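>>> sequence? don't have it. structure:
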């Protein structure tokens, strides 16, 4: 792997982070629209690089913590506090009431557990919120409760919504109506679909870049294995199995590997402007040392000048949607889904080659593909994906709010996460084998 390959491969990480951040932004926007409490929105994993607070929550002082009001050092503006608050039950007009002020880190103060015990005197299992102090008056304390953070490892993003253990408070996720909870869950995949459409729209209105070098067949020998396989003069080879824009060495290597492993090789061709799929059975692939009967040249399409007209952009957008739709439906109908699913290694490799050959257009195409894949995968009913969360919330609604067994939910989450981990490891192992074989 060259330094250029490594640099192009790193472009996969910001693509992934964009897709994940947009997904979580969908959840965040839905929660804001329904005025649900949002504890945090983080981008990336690892130690916090930057953190800032947004939003406004007003909490009323109570007699039990009146003495804290008289300690300016504890509640000065911009101070970060962790509070336990008693939230209003449904049908009441009383605002949130502060029942205890806790240290931001429980280990900082051994009396924090005693303070939590004090909450029981108020006959409530109170929510805990952390926020930056905005303003305080004689009767209220105003906080910015939502913490936004940026972290260094760009492989994840997340939104945290607090829940009320007694399911009595307003403005928290687990007490929201079923439709709001389902909308909030589906908002993540919906945001990915919107990103997919946006990427295709940008591909439609931008000038097309120079196409990657492609293999054109100059001659097919009479009676050769290549002729028996169905190849014709002037065909352009666009793809071999999962490899886009292959060179002659890749074509030869893949065919010989197929002959050795007794597996068919999939070719995607352009023939007289039409797309043609061709399957080369192993008995028509050349054995080591044999000729296949082709004479090839490397060719490239000319670069399109200027911006497309509105009508051209519209046609491009419709065509791109059809290409992606046919690709996904073809995987299912033709039973090639298992063979065509790639793990992280192959995804990075394909991104590297695509961007190296076709620039910004390929970058947008990969972004669209990752985003659409994320939307579809997240709708699967597998823990901890959105499809599973939607299924659980629907079951709870059908059971009139009755919770599922904690043991059952724990088991489902354990086996679901285990399945995803094993699947990722299996796909990664297959990617390494394909790239090194």
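Structure's in. What do you need? It should be emphasised that the depicted structure is a prediction, and the values quoted were computed from it without experimental measurement. Residues are numbered from 1 along each chain as shown.
>>> distance between the ends of stretch 374-389?
End-to-end span of stretch 374-389 (Cα to Cα, to the nearest Å): 16 Å.
>>> average pLDDT for it, rounded please.
Mean per-residue pLDDT for stretch 374-389: 90.
>>> got it, and stretch 14-34?
94.
>>> residues in contact with it: which ones?
38, 41, 43-44, 154-159, 161, 173, 176, 180, 183-185, 187-192, 194-195, 351, 363, 366-367, 370-371, 374, 378 (Cβ atoms under 8 Å, 6 or more residues apart in numbering). Backbone N, C-alpha and C define where each C-beta goes, glycine included.
>>> where does the stretch 51-200 of the chain dip in pLDDT?
Residue ranges of the stretch 51-200 of the chain with pLDDT under 70: 61-128, 164-170.
>>> how about the strands of it, start to end?
57-60, 80-86, 97-102, 127-136, 140-144, 146-150, 153-160 (DSSP state E, counting those that start in this stretch).
>>> strands along the stretch 251-400 of the chain, start to end?
265-271, 274-280, 294-299.
>>> could I get those strands in a markdown table, plus columns for mean pLDDT, mean neighbour count and distance to residue 417?
Output for these, formatted as a markdown table (pLDDT from 0 to 100; neighbours: other Cβ atoms under 10 Å; distance: least, Cβ to Cβ, whole Å):
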| stretch | mean pLDDT | mean neighbour count | distance to residue 417 |
| --- | --- | --- | --- |
| strand 265-271 | 88 | 18 | 33 |
| strand 274-280 | 87 | 14 | 37 |
| strand 294-299 | 78 | 14 | 46 |
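>>> nearest to residue 144, of the ones you listed?
Among these, the nearest to residue 144 by Cβ to Cβ is strand 265-271 (53.4 Å).
>>> sheet partners, orientation included, of that closest one?
strand 236-240 (antiparallel), strand 274-280 (antiparallel) (DSSP bridges).
>>> what strands flank the helix or strand just after the shortest one, and is each parallel or antiparallel?
Proceeding C-terminally, strand 236-240 gives way to strand 243-244 as the next helix or strand, assigned by DSSP states H and E. According to DSSP bridges, strand 243-244 forms sheet pairs with strand 236-240 (antiparallel).
>>> which of the residues in the strand it pairs with are classified as buried?
Residues of strand 236-240 classed as buried by neighbour count (16 or more other Cβ atoms under 10 Å): 236-238, 240.
>>> stretch 280-292 too?
280, 282, 284-286, 292.
>>> contact partners of it?
So stretch 280-292 is in contact with 221, 224-226, 228-229, 252, 255-256, 258-267, going by Cβ under 8 Å, 6+ apart.
>>> helices - which of those land there?
225-226, 228, 252, 255-256, 258-261 (DSSP state H).
>>> emit the ChimeraX select command for whichever of those are buried.
Under the burial definition 16+ other Cβ under 10 Å, those of the ones in helices among the contacts of stretch 280-292 that qualify are selected in ChimeraX by:
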select :225,226,252,255,256,258,259
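>>> and the ones in helices among the contacts of stretch 280-292 as JSON lines, adding distance to residue 423?
Putting the ones in helices among the contacts of stretch 280-292 into JSON lines (distance: Cβ to Cβ, whole Å) gives the following:
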{"residue": "225", "distance to residue 423": "37"}
{"residue": "226", "distance to residue 423": "37"}
{"residue": "228", "distance to residue 423": "38"}
{"residue": "252", "distance to residue 423": "32"}
{"residue": "255", "distance to residue 423": "30"}
{"residue": "256", "distance to residue 423": "30"}
{"residue": "258", "distance to residue 423": "25"}
{"residue": "259", "distance to residue 423": "30"}
{"residue": "260", "distance to residue 423": "28"}
{"residue": "261", "distance to residue 423": "23"}
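>>> now residue 38. Nearest residue, chain neighbours left out?
residue 146 (4.7 Å; Cβ to Cβ, 6 or more residues apart in numbering).
>>> from residue 243, how far off is the one you found?
45 Å (Cβ to Cβ, to the nearest Å).
>>> for these two, indicate the residue with more neighbours.
Comparing residue 146 with residue 243 by other Cβ atoms under 10 Å, the one with more neighbours is residue 146, at 25 against 16.
>>> burial of residue 36, as a residue count?
Count around residue 36 with other Cβ under 10 Å applied: 20.
>>> likewise for residue 50?
Residue 50, neighbours per other Cβ under 10 Å, totals 9.
>>> got a list of what it touches?
149-150.
>>> which ones are touching the nearest residue to residue 147 once chain neighbours are set aside?
Nearest residue to residue 147, sequence neighbours excluded (Cβ to Cβ, 6+ apart): residue 40, at 4.5 Å. Residues near residue 40 by Cβ under 8 Å, 6+ apart: 146-149, 158-160.
>>> what is the most widely separated pair among those?
146 and 158 (12.9 Å).
>>> intersection of neighbour lists for the two?
40-41.
>>> per-domain residue ranges of this structure.
44-175, 214-299 (automatic domain parsing).
>>> quick one, helices of this protein?
Ranges of helices in the chain, per DSSP H, are 3-10, 12-33, 66-69, 72-75, 112-119, 178-205, 225-228, 248-261, 310-333, 337-340, 344-378, 386-398, 406-436.
>>> quick one: the last one to helix 386-398, angle?
Interaxial angle of helix 406-436 relative to helix 386-398 (axes from the mean of the first three to the mean of the last three Cα atoms, to 10 degrees): 160 degrees.
>>> and the angle from helix 406-436 to helix 248-261?
110 degrees.
>>> the second one too?
For the pair helix 12-33 and helix 248-261, the angle between their directions (the same axes, to 10 degrees) equals 80 degrees.
>>> give the buried residues for helix 12-33.
So, applying 16+ other Cβ under 10 Å, buried residues of helix 12-33: 12, 15-28, 30-31.
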